[in-house]
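Enquirer: just need the structure, nothing else, for what follows:
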Amino acid sequence: MTLCGLACAAALSPSAFAADAGAYLGLEGGVNFLDDEIVREDGTNIGRMRYKNGYMGGLTVGAWTDIGLRPEIELGYRRNKLALFHPATGGSIATTGFADGYSVMGNLWWEANMPSGPFHWFHPYLGGGAGGLRFGLHQLSFDHVPYHHDFDTVFAWQAGTGIAFNLTRDVLLGIDYRYLQSNIAEFKISPAPFAAPEEMRYRANTLMLSMQARFGVAPDVVVVREEVPVAAPPPPPPPVAPDPCSLDDDGDGVGNCEDKCPGTARGFKVDATGCVVQQTVVLHNINFEFNKDTLTGPARDTLNEIAGTLRGQRELYVEIGGHTDSIGSPQYNRNLSQRRADSVMRYLVGQGVEASHLTARGYGEDVPIAGNDTEDGRAENRRVEFKVLQQPPEVKVVPAASTEASKAAAKTEPPRIKRQHGQ
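Expert: This is a model prediction of the structure:
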């Protein structure tokens, strides 16, 4: 569908792609990654064949058109050695031999090929093709038992993309990717008489380098323009000195002429005269679900409000203290509380709070604020608290309990925990 859309866009605007139309010959080669193949007999899965990384080589002939479409015939050869056979019953069997594929594909690529600009020398493309594949298995041996070699010719299709660069006007170097898949092929490789043929499909991912040589391309047209003398521009007007009263050196929103408190630190609220007014910062606790360090939705809502107040404070330093309930070993709870503190710190830093103003510390189960013998009490103890380490005199910090939404979101415990506490 993408190819059809791009082809229609190119056809509707042919003048945008009218550049270097002509035929070309190409060579390509690279690494072939053959997918593991499910092997079936009479439709029954008998195992999986694994291959080593192999190689691919090919020859192409095609034509560049003036609407961005590039039809092409591609002859390719791929080869991969066998690595292992994994029977459906389990285990693996040592395997030797190789699989190869001769392909003949009719491709259609859409390629950016413009008469000027970057796409005149740099050509991303995408598309696909269909054709036939001669899929063969040769020199086979399973667990040192020789098998017959055989091949089958089946329908195949491919999709691909890449980028081509002009080394010269008529020689291009490409970096290419192809995905090739065939219909199911049948092989009579078993040495046992009257054995059913093995069925498998060819699927490969290929990374390649390619080279194209174009011929029959019209020569570039050189347009010679008569140079017309251009009058020198007038000199710029002299700079105008700014009005001193329009300047705001300390960035507090009050101009220098009205600012009675010049040099105010950035981030503080000021009155109409530019002097700092008292600010209040409210730091709510947040709660966590049982045995988790991920933030609940209400916890993120609370942290968004806290981040908005901390972003503007340059002299306020805060400790983020993580806490747990009493379920679990002390060492486990100490680690869990540290992870909760780290989770909150990462979120605040992601919201624009300076990391150097935050400290994360885990207290484990040592500082409960409620009893651990009820679910509500344990939910309150699974928390993060904020402690002020340093604050400027103009800022008032108000510690606050968790919101009801944060407490409610943390009241989730497995039934076995409730039974252990007689609930």
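
Enquirer: C-alpha only now, for contacts and for neighbours.
Expert: Fine.

Enquirer: low pLDDT regions in the stretch 301-423 of the chain?
Expert: 312, 415-423 (pLDDT under 70).

Enquirer: the chain now?
Expert: 1-20, 115-116, 216-226, 250, 252, 260-261, 263-271, 274-278, 312, 415-423.

Enquirer: by contact count, what packs against the lengthiest strand in it?
Expert: Looking across the chain with DSSP state E, the single longest strand is strand 122-142. Judged by 3 or more Cα pairs under 8 Å, 6 or more residues apart in numbering; DSSP states H and E, strand 122-142 is in contact with strand 93-111, strand 150-166.

Enquirer: who does the closest residue to Leu180 other than its chain neighbours form a beta bridge with?
Expert: Closest residue to Leu180 apart from its sequence neighbours, by Cα to Cα, 6 or more residues apart in numbering: Gln158 at 4.3 Å. In this entry, Gln158 is beta-bridged to Gly129, Leu180, by DSSP bridges.

Enquirer: what's the neighbour count on Gln158?
Expert: Neighbourhood size, Gln158 [other Cα atoms under 10 Å]: 20.

Enquirer: was I right to think it contacts Tyr202?
Expert: No - look at Gln158 against Tyr202 with Cα atoms under 8 Å: they stay out of range, at 11.3 Å.

Enquirer: ok so, going back, residues making contact with the helix or strand just after the longest strand of the chain?
Expert: Per DSSP states H and E, the first helix or strand lying C-terminal to strand 122-142 is strand 145-146. By Cα atoms under 8 Å, 6 or more residues apart in numbering, the residues outside strand 145-146 that reach it are 139-140, 191.

Enquirer: any buried residues in the top helix by length along the chain, and which?
Expert: Scanning the chain for the longest helix, with DSSP state H as the assignment, gives helix 330-350. Using 16 or more other Cα atoms under 10 Å as the test for burial, helix 330-350 gives 330, 333-345, 347-349.

Enquirer: likewise stretch 253-260?
Expert: 253-256, 259.

Enquirer: okay if I get those as a markdown table plus secondary structure?
Expert: Listed next are the buried residues of stretch 253-260 as a markdown table, based on DSSP: H, G, I helix; E, B strand; the rest coil:
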| residue | secondary structure |
| --- | --- |
| Gly253 | coil |
| Val254 | coil |
| Gly255 | coil |
| Asn256 | coil |
| Asp259 | coil |
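
Enquirer: would you convert those residues into JSON lines that also reports distance to Tyr179?
Expert: Formatted as JSON lines, the buried residues of stretch 253-260 follow (distance: Cα to Cα, whole Å):
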{"residue": "Gly253", "distance to Tyr179": "60"}
{"residue": "Val254", "distance to Tyr179": "64"}
{"residue": "Gly255", "distance to Tyr179": "65"}
{"residue": "Asn256", "distance to Tyr179": "67"}
{"residue": "Asp259", "distance to Tyr179": "69"}
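
Enquirer: who's the nearest residue to Gly101 once chain neighbours are set aside bridged to?
Expert: In space, and not counting its chain neighbours, Gly101 is closest to Phe135: 4.6 Å by Cα to Cα, 6+ apart. Phe135 has these beta-bridge partners by DSSP bridges: Gly101, Asp152.
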